[in-house]
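1. coordinates only, sequence not included:
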């Protein structure tokens, strides 16, 4: 059994990729001499040199575009964007180029690009650094959107993403970097597009991803003390969605509470809710409930930020509604 932090797991995945494939390089803001905004790439510049670990100018559009060009030319770039809010500056490159080139070229060209970025609140970094905008990317055909919520997924999703012939986006919740856990993954690289049941239960299904997984597991533990057994489903993949795993869980529990730090309106769990209602309505004994982030820019003050995010308390309250 190998135990490490989430941060170390991502670093080890990058190190292995750089060592095993000369086409792979890491590029982004402060990834080199500084060691990464979240210390993920610490030590990699000294180990692999500036050709393989490249500090980029503070222009997300420029270095994401450079990554797209490098991928088209046969390289396997890993592009790090410091936070998901900053990635909006590269949306033109992502939506109009990375996601469309295979289709617009009639399948002649692919873009084997991996883009990593930190996401989510909980660190008192306010409205320009702390939103959960993963749903914006899950909306776009032509890319895959992944949210590793465990140390093992942080370790093994990256090699699977690098092996994919199309763009893959990895959303790493920034509060998870210090998380410790097992990094072993039987069978090697993770299977992309597959959800995971993180806790078995029979009374209600909690569906979530990323930084909210721990809150759902905490809520499930509290509910168990009340005699309510909650099953926790970690989506892992936001595009494509593994609805089969979600529906199989709802078939066992007949209730669903969906948890997402993102905004409720037109959010990711709105899609999951609609799909459950379309394809599994007869499985439900109670309407689907959603627990989401507040419909406001992320506050800076700690108590306001905590109030704006889903919590074990709000998840437990939503579950109790479904059992009324």
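-> Noted; the coordinates are in hand. Predicted model only: the values in this text are computed from it and were never measured. Residues are numbered from 1 along each chain as shown.
2. Count the neighbours of residue 170 for me.
-> 23 (other C-beta atoms under 10 Å). No exception for glycine: its C-beta is placed from N, CA and C like everyone else's.
3. For the stretch 101-250 of the chain, give me the ranges with low pLDDT.
-> 185-190 (pLDDT under 70).
4. So which residues of it form helices?
-> 101-104, 134-138, 151-162, 213-225, 243-253 (DSSP state H, counting those that start in this stretch).
5. can you pull the contacts of residue 140?
-> 94, 95, 99, 239 (C-beta atoms under 8 Å, 6 or more residues apart in numbering).
6. can you check residue 67 too?
-> Per C-beta under 8 Å, 6+ apart, neighbours of residue 67: 27, 77, 79, 113, 115.
7. Let's see that with 10 Å instead.
-> 25, 27-28, 56, 75-80, 90, 93, 98, 111, 113-115, 167 (C-beta atoms under 10 Å, 6 or more residues apart in numbering).
8. Check which helices and strands the longest helix anywhere in the chain sits against.
-> Criterion DSSP state H: the longest helix present in the chain is helix 6-20. With contacts defined as 3 or more C-beta pairs under 10 Å, 6 or more residues apart in numbering; DSSP states H and E, the packing partners of helix 6-20 are strand 3-5, strand 24-28, helix 44-48, strand 76-83, strand 114-119, helix 151-162, strand 168-173, strand 180-182.
9. The same query, at a cut-off of 7 Å, please.
-> strand 24-28, helix 44-48, helix 151-162 (3 or more C-beta pairs under 7 Å, 6 or more residues apart in numbering; DSSP states H and E).
10. Quick check: mean pLDDT of it?
-> On average, the pLDDT along helix 6-20 is 98.
11. sorry, back to before: out of the contacts of residue 140, grab the one that's most surrounded.
-> That'd be residue 94 among the contacts of residue 140, by other C-beta under 10 Å, with 27 neighbours.
12. is it fair to say that one lies in a helix?
-> Yes. Checked against DSSP: H, G, I helix; E, B strand; the rest coil, residue 94 lies within a helix.
13. Ignoring the adjacent residues along the chain, who's closest to it?
-> residue 64 (6.6 Å; C-beta to C-beta, 6 or more residues apart in numbering).
14. What residue spans form the domains of this structure?
-> Here the domain assignment for the chain is 3-182, 196-322, based on automatic domain parsing.
15. What about the closest residue to residue 135 other than its chain neighbours, how many residues nearby?
-> Spatially, and ignoring its direct neighbours in sequence, residue 135 is nearest to residue 268 (3.9 Å; C-beta to C-beta, 6+ apart). The local packing of residue 268 (other C-beta under 10 Å) involves 28 other residues.
16. Let me see the contact set for residue 99.
-> 140, 141, 142, 143, 167 (C-beta atoms under 7 Å, 6 or more residues apart in numbering).
17. and which of those is nearest residue 320?
-> residue 140 (36.2 Å; C-beta to C-beta).
18. Buried subset of the contacts of residue 67, written for PyMOL?
-> Buried members of the contacts of residue 67, defined by 16 or more other C-beta atoms under 10 Å, are picked up in PyMOL with:
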select buried, resi 25+27+28+56+75+76+77+78+79+80+90+93+98+111+113+114+115+167
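19. what's the neighbour count on residue 314?
-> The burial count for residue 314: 17, using other C-beta under 10 Å.
20. hang on, I meant residue 4
-> 19.
21. middle-most residue in the protein, spatially?
-> residue 147 (1.8 Å; C-alpha atoms, centre = their mean).
22. what's the distance between it and residue 119?
-> Distance of residue 147 to residue 119, given as C-beta to C-beta, to the nearest Å: 8 Å.
23. Kindly report the same for residue 266.
-> 17 Å.
24. Could you do residue 209 as well?
-> 11 Å.
25. And residue 285, by the same measure?
-> 33 Å.
26. which of the two has more neighbours?
-> Relative neighbour count places residue 119 above the other of residue 285 and residue 119, with 26 against 11, counting by other C-beta under 10 Å.
27. Pull out the buried residues from stretch 48-68.
-> 48, 52-56, 60, 63-68.
28. who's in contact with the closest residue to residue 15 other than its chain neighbours?
-> Among residues not flanking residue 15 along the chain, residue 44 sits closest, at 6.4 Å (C-beta to C-beta, 6+ apart). Residues near residue 44 by C-beta under 7 Å, 6+ apart: 14, 15, 18, 26, 53.
29. ok, now residue 222?
-> 312, 316.
30. Equivalent analysis for residue 295, please.
-> Counted by C-beta under 7 Å, 6+ apart, residue 295 has contacts 263, 264, 265.
31. Confirm that it sits in a helix.
-> No. Secondary structure of residue 295 (three-state DSSP): coil, not part of a helix.
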